[in-house]
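Visitor: Sequence first, predicted coordinates after that:
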Amino acid sequence: MCLEFWWLFNKRKEYHAQVDNLISELRKHITENSDLKIAKVVKAGSFAKYTILKKTVDDPIDVDVVFYISDKNVDDTTLDNLNDLIFKLLTKIYPTKAVEDFEIQRRAATVTFAKSGLSVDVVPVIQDAQEPNHGWQYDLKTKEKNLTCAPCHIQFIRERKNSDKHYRTLVRMAKRWKNFACPPGLKSFHLELIIAYLQDRDGPTQNIEQRFREFLGFIAQSELNERIDFPENSAKGQKYFSDPVVIIDPANHENNVASRITSEEKKQIVRIALQAWETANYASVEDDNDIWKEIFGNKFKIKD
């Protein structure tokens with residue numbers, strides 16, 4: 001995982017420059033071609049949290065860029081077309097790029113840069129006038145909106161990292177497992193929150209290998225029936241959720257970030273985690289690094 005960090009450290013300047021250019025051009029085009037006001041732009045996601053993985057065929061580099069749009073009514077139905085507008089402006093900014101390099105996601109418009117392998121998700125949110133770091137995010141498929149806070153998520157991860165120097169390493173290990181094993185419905189943000197939950201519950205990591213096994217064991221033994229919540233939400237009360245998996249957004253106590261995981265996906269996640277947990281325990285008992293490749297893939301390497 002040390003190699004992972006140094007690779008990212010050396011590439012960050014290149015990625016920042018590419019993203020900064022996109023932000024500058026998109027901000028200008030939005031101002032010139034619409035009545036939208038950009039209050040601020042926040043680089044978010046794994047890139048901003050330093051939990052991103054080294055680029056491989058299976059692990060692309062994704063950067064989330066959140067555009068906060070001010071002075072708009074959150075219930076204005078015309079805002080359903082926000083991603084369409086951004087998509088059209090992106091194709092205008094990069095006229096020589098192939099059509100397949102652009103894509104409209106459920107909550108973002110994505111542009112991919114072939115040379116660097118960088119994918120940028122442009123996420124528009126309607127800024128909350130009372131809490132400027134918060135904003136309403138739209139889902140194009142369900143037409144639902146939920147309150148999010150990109151700076152809050154970054155701060156949440158920073159605080160866990162400050163109280164446990166191994167936190168980000170564990171998250172990257174969990175992501176490697178997810179990308180190799182492909183448990184359906186399980187997202188990187190879920191992994192960040194599950195590991196943070198275990199840290200809050202059990203304290204800082206004493207042994208990385210043991211805590212990773214505990215992470216897999218928690219999913220396998222709890223069968224994801226345990227509600228995952230955080231101190232950040234303790235003063236706001238608890239909202240009841242009937243979803244199969246409940247992982248509360250530390251920036252919004254009314255948002256279950258795991259609400260899309262179905263009952264069938266939950267069963268498969270638990271089954272895959274149980275298999276990995278058993279393999280990890282066997283690898284530890286046998287002290288055999290090759291067995292870990294059954295969890296992380298053949299390219300997995302260990303460096304002191």
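Guide: It's in.
Visitor: okay, CA-based contacts and neighbour counts for the rest of this
Guide: Fine.
Visitor: which stretches of the stretch 51-200 of the chain form strands?
Guide: Shown for the stretch 51-200 of the chain, the strands assigned by DSSP state E, counting those that start in this stretch span residues 61-70, 102-104, 109-113, 118-127, 135-138, 145-148.
Visitor: can you put those strands in JSON lines and add distance to Arg271?
Guide: Listed next are these as JSON lines, based on distance: least, CA to CA, whole Å:
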{"stretch": "strand 61-70", "distance to Arg271": "28"}
{"stretch": "strand 102-104", "distance to Arg271": "32"}
{"stretch": "strand 109-113", "distance to Arg271": "32"}
{"stretch": "strand 118-127", "distance to Arg271": "31"}
{"stretch": "strand 135-138", "distance to Arg271": "32"}
{"stretch": "strand 145-148", "distance to Arg271": "31"}
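Visitor: and those, which one's lowest on average pLDDT?
Guide: When the strands of the stretch 51-200 of the chain are compared on average pLDDT, strand 102-104 comes out lowest at a mean of 79.
Visitor: which other residues reach it?
Guide: For strand 102-104, the surrounding residues in contact (CA atoms under 8 Å, 6 or more residues apart in numbering) are 83-84, 87, 90-91, 109-112.
Visitor: starting at the chain centroid, how far to that strand?
Guide: 18 Å (CA atoms, centre = their mean, to the nearest Å).
Visitor: Give the partner strands of it in its sheet and their orientations.
Guide: Partners of strand 102-104 in the sheet, by DSSP bridges, are strand 109-113 (antiparallel).
Visitor: next one: the strand it pairs with to chain centre, how far?
Guide: Its chain's C-alpha centre lies 16 Å from the corresponding centre of strand 109-113 when counted by CA atoms, centre = their mean.
Visitor: Which SSE is immediately downstream of the lowest-mean-pLDDT helix or strand in the chain?
Guide: Within the chain, no helix or strand scores below helix 2-33, which has a mean of 76 by mean pLDDT, DSSP states H and E. On the C-terminal side of helix 2-33, the nearest following helix or strand under DSSP states H and E is strand 37-44.
Visitor: hang on, the earlier thing: kindly calculate the angle that the least confident helix or strand of the chain makes with strand 118-127.
Guide: Counting by axes from the mean of the first three to the mean of the last three CA atoms, to 10 degrees, helix 2-33 lies at 50 degrees to strand 118-127.
Visitor: Can you point out the buried residues in stretch 235-252?
Guide: Buried positions in stretch 235-252, judged by neighbour count with 16 or more other CA atoms under 10 Å: 244-252.
Visitor: again with stretch 267-277
Guide: For stretch 267-277, the neighbour count (16+ other CA under 10 Å) marks 267-274, 276-277 as buried.
Visitor: Quick check, central residue of this protein?
Guide: In the chain, the C-alpha nearest the mean C-alpha coordinate belongs to Phe189, at 4.0 Å (CA atoms, centre = their mean).
Visitor: dump the residue contacts of Ser263.
Guide: Residues counted as contacts of Ser263 (CA under 8 Å, 6+ apart) are Pro244.
Visitor: swap in Arg176?
Guide: By CA under 8 Å, 6+ apart, the contact list for Arg176 reads 53, 296.
Visitor: Could you report the distance from it to Lys187?
Guide: Here the criterion is CA to CA, to the nearest Å. By it, Arg176 lies 12 Å from Lys187.
Visitor: next one: Ser70
Guide: Using CA to CA, one obtains 29 Å as the distance from Ser70 to Lys187.
Visitor: of those two, who's got more company?
Guide: More neighbours surround Ser70 than the other of Ser70 and Lys187, with 19 against 16 (other CA atoms under 10 Å).
Visitor: Domain boundaries for the protein, per the record?
Guide: Domain assignment for the chain by automatic domain parsing gives 2-148, 154-296.
Visitor: can you tell me which of those domains the model trusts least?
Guide: domain 2-148 (a mean of 80).
Visitor: Could you give the separation of it from the chain centroid?
Guide: 13 Å.
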